[in-house]
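can't give you the sequence, but here's the structure:
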């Protein structure tokens, strides 16, 4: 007997793709790293920016949302070398921690900044409590993402999103996270025609409503955390910025080649067709 599928969770479906993304985890001074996927701190910050919240305002309601990431395309790691302060007179160079100015050979600072180039992710932000205040919050966030108060970016201000960011507000967001067309081409030609795709979340991924044919023998089943990440934001206040650790769960599903919609307009057309014919909205109507 097969086990029943998890209870549907309402939520928002986001498409995070662009020429560059950068989701810092351990960035410190002149070395700015990026995670291989969108972090909770980055996505919660994106929501806060859309809502027009200042950095000293509370974010407890946003951090209560669950986030599940589907990796459509992992992208390529890119390192960008920046120089700061070079060729300037002493009074215009970078100020030190003591309030002095750098001179001579110390006047030029080198910074290494890392990006994900040509990556694409689909994200579900969900709540298991459809009748709670979280439901109203999802509605509020959806409206803000359509008409953001401040510009939105993928981790860093130099990384604007490409194409539609908010895909839908659904009664069963995790089901559609699995079945939405991917912004990628299939990477294998093996039989049967299935390609492994990674999902990530801060809770066990056994809650994904995946059909048995998609599970198979995979490396990660999402039942145990693979690592911890210090990316759960507590405050974005410039002088009191704080985060706490959370577990990271990974699960690999085998998705059919027909779901890989390609790139550019091909994928956008496939997304439009899917959303028009298969998406159930939070009001219970089919688009």
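Cool, the structure landed. Computed from a predicted structure; not experimentally measured. Numbers count the residues shown, from 1 in each chain.

just how off-centre is the helix or strand bottoming out on mean pLDDT in the chain within its chain?
Sorting the helices and strands of the chain by mean pLDDT, DSSP states H and E puts strand 31-32 at the bottom, at a mean of 78. Offset of strand 31-32 from its chain centre (CA atoms, centre = their mean, to the nearest Å): 20 Å.

cool, stretch 195-213 as well?
16 Å.

just stretch 142-150 next, same as before
17 Å.

contacts for it next, please.
Stretch 142-150 has contacts (CB atoms under 8 Å, 6 or more residues apart in numbering) with 12, 14, 47, 49, 50, 51, 52, 152, 165, 166, 169. Backbone N, C-alpha and C define where each C-beta goes, glycine included.

give me the mean pLDDT for the strand or helix carrying residue 123.
Using DSSP states H and E, residue 123 sits in strand 120-126. For strand 120-126, the mean pLDDT works out to 97.

which residues in the protein form strands?
11-17, 20-21, 31-32, 66-73, 76-84, 109-117, 120-126, 166-170, 194-201, 227-235, 242-256 (DSSP state E).

can you give me phi and psi for the residue most central in space within the chain?
By CA atoms, centre = their mean, the chain has its centre lying nearest to residue 38, at 3.4 Å. The phi/psi pair for residue 38 (degrees, to the nearest 10) reads phi -60, psi 130.

ok, it to residue 272 distance?
Distance from residue 38 to residue 272, counting by CB to CB, to the nearest Å: 23 Å.

residue 17 now?
Shown here: residue 17 relative to residue 272, a distance of 15 Å by CB to CB.

more neighbours: those two, which one.
Comparing residue 17 with residue 272 by neighbour count (other CB atoms under 10 Å), the higher total belongs to residue 17, at 22 against 12.

residues in a beta bridge with the more buried one, which ones?
Here residue 17 sits in beta bridges with residue 120, going by DSSP bridges.

hang on, isn't it packed against residue 121?
Yes - Residue 17 lies in contact with residue 121 (CB atoms under 8 Å); the separation is 7.1 Å.

between these two, what contacts are shared?
Jointly contacting residue 17 and residue 121 under the rule CB under 8 Å, 6+ apart are residue 72.

shouldn't residue 268 be in contact with residue 162?
No - assessed by CB under 8 Å, residue 268 is found out of contact with residue 162, at 10.3 Å.

need the residues that contact the least confident helix or strand of the chain.
By CB under 8 Å, 6+ apart, the surrounding residues in contact with strand 31-32 are 22, 24, 111, 112, 113, 114.

give me that answer again for 6 Å
24, 112, 113 (CB atoms under 6 Å, 6 or more residues apart in numbering).

ok, stretch 8-23 next?
Residues outside stretch 8-23 that contact it (CB under 6 Å, 6+ apart) are 34-35, 38-39, 42, 115-116, 119-126, 128, 130, 138, 142, 154-156, 159, 161-162, 164-165, 167-169, 171-174, 176, 183, 282.

show me which of those are buried.
The neighbour-count test (16 or more other CB atoms under 10 Å) applied to the contacts of stretch 8-23 identifies 34-35, 38-39, 42, 115-116, 119-126, 130, 138, 142, 154-156, 159, 161, 164-165, 167-169, 171-174, 176, 183, 282 as buried.

distance of the residue lying closest to residue 255 once chain neighbours are set aside relative to residue 60?
Distance criterion CB to CB, 6 or more residues apart in numbering; nearest residue to residue 255, sequence neighbours excluded, is residue 197 at 4.9 Å. Separation of residue 197 from residue 60 (CB to CB) stands at 32 Å.
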